[in-house]
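>>> Could you look at this predicted model? Sequence included:
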Amino acid sequence: MGKFACSTSGREKLVIRLDPIFEQKMESTIGEHMVPKPEEKQVAENISDQQQAKKCTVIGGSGFLGQHLVEQLLARGYVVNVFDIRQGFKNPKVNFFLGDLCNKKDLYPALRGVKTVFHCASPAPSSDNKELFYRVNYTGTKTVIEACKEAGVQKFILTSSASVVFEGVDIKNGTEDLPYAMKPIDYYTETKILQEREVLNANEPSSNFLTTAIRPHGIFGPRDQQLVPILVEAARSGRMKFMIGNGKNLVDFTFVENVVHGHILAAEHLSSDSGLCGQAIHITNDEPVPFWAFLSRILTGLNYEAPKYHIPYWLAYYLAFFLSLVIMVISPLIKVKATFTPMRVALAGTYHYYSCERAKKLLGYQPLVTLDHAVELTVKSFYHLRKAN
């Protein structure tokens, strides 16, 4: 016979005796609640798996693309870690880890318990520091891959670049099967080729480590510190009066939200039988636009004059080539950073736009924001750079 005892004062106890049959039923009921049923245990495990699948790390999450990626991941219910050399913003929902991506010890805390990693860290393309590009984009990425494998990460999504196949000649509706450039346009692209190769070659379905590379082109949008600020600086200094070529060459410019959308779709569709494994995939606005018309819309939207004089493409190219020779001759005596180079001329004067058919087929990708609306949003966000009337 069971007893329930409770204290009524400091000196005596109230003893309640229960009917044996009731007591037996009570124990049985308590037992049922104490021991989870098989189906309940399975549901709990499934919920845990879902929560773990929704936990990810964004390497380079303090940068332009990284911040937008973090925001959209949070909006879609992901638990987000950010690993970067600095903390670029504050958000109580984000777990920040600061360190050097070339150091495994720095990386491990940010990768613990994570199944998906987005790697979008890189020095700015406008930098001319070859050693930095090589260290971060190539050797750093090799370290990140090793750390991810050791930490049990299963999905690795790299932010690459469509420029890895560009050699200064026209590319119209280019596919992912084009060969890597033998003569990359700059150090940034040269090291992005090395980086992409490392990531795609690291794909190992048998070890449950899956990789893919997203190739955007001409990313722009609010908070960008490259395209629009550099364009405005050039306009203020009087360097945006001329356009190279006839102005008809089509180029891809891609709104940052569409790039983010492509990354998340890739992560969610990446599986051993998806066709994404070890593959690169283009993500653009799928709206090729004349290069100079696009720049002109940004400039006029901020109250600057659009380029109105034409320089023949061949003339600009040979002027840039001659200038490069001069800089090479005087470089032992004077250090000059060349910005007007043959490859820069090619970027401004040739066709280079890319097919999104693979993304549409494998991911169901469609741009979320049209180019017209994207330009409007971008111009509005840079109102502080607007020229006064």
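Ah, there it is. If you're wondering where the values come from, they're calculated on a predicted model, not measured in any experiment.

>>> To which secondary structure element is Asn95 assigned?
strand 94-98 (DSSP states H and E).

>>> So which residues of this structure form helices?
For the chain, helices defined by DSSP state H occupy the ranges 20-34, 38-53, 64-75, 104-111, 130-133, 141-151, 187-201, 227-236, 256-269, 291-301, 313-330, 342-349, 357-363, 371-381.

>>> Any stretches of the chain with poor pLDDT?
The model of the chain has pLDDT under 70 over residues 1-53, 335-339.

>>> Outline the domain layout of it.
3-35, 46-385 (automatic domain parsing).

>>> any chance of these in CSV, plus mean neighbour count?
Yep, even glycine has a C-beta here, placed from its N, CA and C like the rest. Listed next are the domains of the chain as CSV, based on neighbours: other Cβ atoms under 10 Å:
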stretch, mean neighbour count
domain 3-35, 9
domain 46-385, 18
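
>>> Any chance of the helices of the chain in a markdown table with distance to Ser160 as columns?
Formatted as a markdown table, these follow (distance: least, Cβ to Cβ, whole Å):
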| stretch | distance to Ser160 |
| --- | --- |
| helix 20-34 | 53 |
| helix 38-53 | 24 |
| helix 64-75 | 12 |
| helix 104-111 | 20 |
| helix 130-133 | 14 |
| helix 141-151 | 10 |
| helix 187-201 | 5 |
| helix 227-236 | 18 |
| helix 256-269 | 11 |
| helix 291-301 | 21 |
| helix 313-330 | 26 |
| helix 342-349 | 17 |
| helix 357-363 | 13 |
| helix 371-381 | 21 |
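
>>> Figure out which of the ones you listed is closest to Phe83.
Checking the helices of the chain against Phe83 by Cβ to Cβ gives helix 104-111 as the closest, at 4.0 Å.

>>> Distance from the chain centre to that closest one, please.
Offset of helix 104-111 from its chain centre (Cα atoms, centre = their mean, to the nearest Å): 19 Å.

>>> what's the angle from that helix to strand 94-98?
180 degrees (axes from the mean of the first three to the mean of the last three Cα atoms, to 10 degrees).

>>> List of residues touching helix 104-111?
Residues outside helix 104-111 that contact it (Cβ atoms under 8 Å, 6 or more residues apart in numbering): 57, 59, 81-83, 95, 97-101, 117, 143-144, 146-148, 150-151, 153.

>>> And for stretch 245-255?
162, 170, 172, 216-221, 283-285, 287-294, 310-313, 316, 348-354, 367, 369, 371, 374, 377-378.

>>> Mind doing that once more with 6 Å?
Contact with stretch 245-255 is made by 216-221, 284-285, 288, 290-292, 294, 313, 349-354, 369, 374, as judged by Cβ atoms under 6 Å, 6 or more residues apart in numbering.

>>> Distance-wise, check Val164 relative to Tyr180.
Per Cβ to Cβ, to the nearest Å, Val164 is found 6 Å from Tyr180.

>>> Can you work out which residues contact both of those two?
Joint contacts of Val164 and Tyr180 (Cβ under 6 Å, 6+ apart) are Ile193.

>>> coming back round to it: out of the helices of the chain, which is closest to Asn208?
Taking Cβ to Cβ, helix 141-151 is the member of the helices of the chain nearest to Asn208, at 9.8 Å.

>>> what is the orientation angle of that closest one with helix 104-111?
Helix 141-151 runs at 50 degrees relative to helix 104-111, counting by the same axes, to 10 degrees.

>>> Of the helices of the chain, which is nearest Phe209?
helix 141-151 (5.7 Å).

>>> And that closest one, what does it pack against?
In this structure, helix 141-151 packs against helix 104-111, helix 187-201, with contacts taken as 3 or more Cβ pairs under 6 Å, 6 or more residues apart in numbering; DSSP states H and E.

>>> try 7 Å
On a contact count with 3 or more Cβ pairs under 7 Å, 6 or more residues apart in numbering; DSSP states H and E, helix 141-151 meets helix 104-111, strand 116-119, helix 187-201.

>>> could you give the angle of the last one to helix 141-151?
When you say that, I think you mean helix 187-201. Orientation of helix 187-201 against helix 141-151 (the same axes, to 10 degrees) gives an angle of 30 degrees.

>>> The chain should start at 537 in everything you say after this.
Okay, residue one is now 537; in that scheme the one you just asked about reads as helix 723-737.

>>> In CSV, list the C-alpha atoms belonging to helix 723-737.
The C-alpha coordinates for helix 723-737 follow below in CSV (Å, rounded to 0.1, in the frame of the first residue of the first chain):
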residue,chain,number,x,y,z
TYR,A,723,44.4,38.7,-59.8
TYR,A,724,40.9,38.4,-58.2
THR,A,725,39.7,36.3,-61.1
GLU,A,726,42.9,34.3,-61.3
THR,A,727,42.5,33.2,-57.7
LYS,A,728,38.8,32.6,-58.0
ILE,A,729,39.6,30.0,-60.7
LEU,A,730,42.0,28.3,-58.3
GLN,A,731,39.4,28.5,-55.5
GLU,A,732,36.5,27.1,-57.5
ARG,A,733,38.6,24.2,-58.7
GLU,A,734,39.5,23.3,-55.1
VAL,A,735,35.9,23.4,-54.0
LEU,A,736,34.4,21.4,-56.8
ASN,A,737,37.2,18.8,-56.6
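
>>> That helix packs against which elements?
If you count contacts as 3+ Cβ pairs under 7 Å, 6+ apart, helix 723-737 packs onto helix 666-669, helix 677-687, strand 691-695, strand 746-752, strand 815-819.

>>> Turn the ones you listed into JSON lines, columns for distance to Arg612.
Converted to JSON lines, the helices and strands packed on helix 723-737 look like this (distance: least, Cβ to Cβ, whole Å):
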{"stretch": "helix 666-669", "distance to Arg612": "32"}
{"stretch": "helix 677-687", "distance to Arg612": "22"}
{"stretch": "strand 691-695", "distance to Arg612": "15"}
{"stretch": "strand 746-752", "distance to Arg612": "17"}
{"stretch": "strand 815-819", "distance to Arg612": "17"}
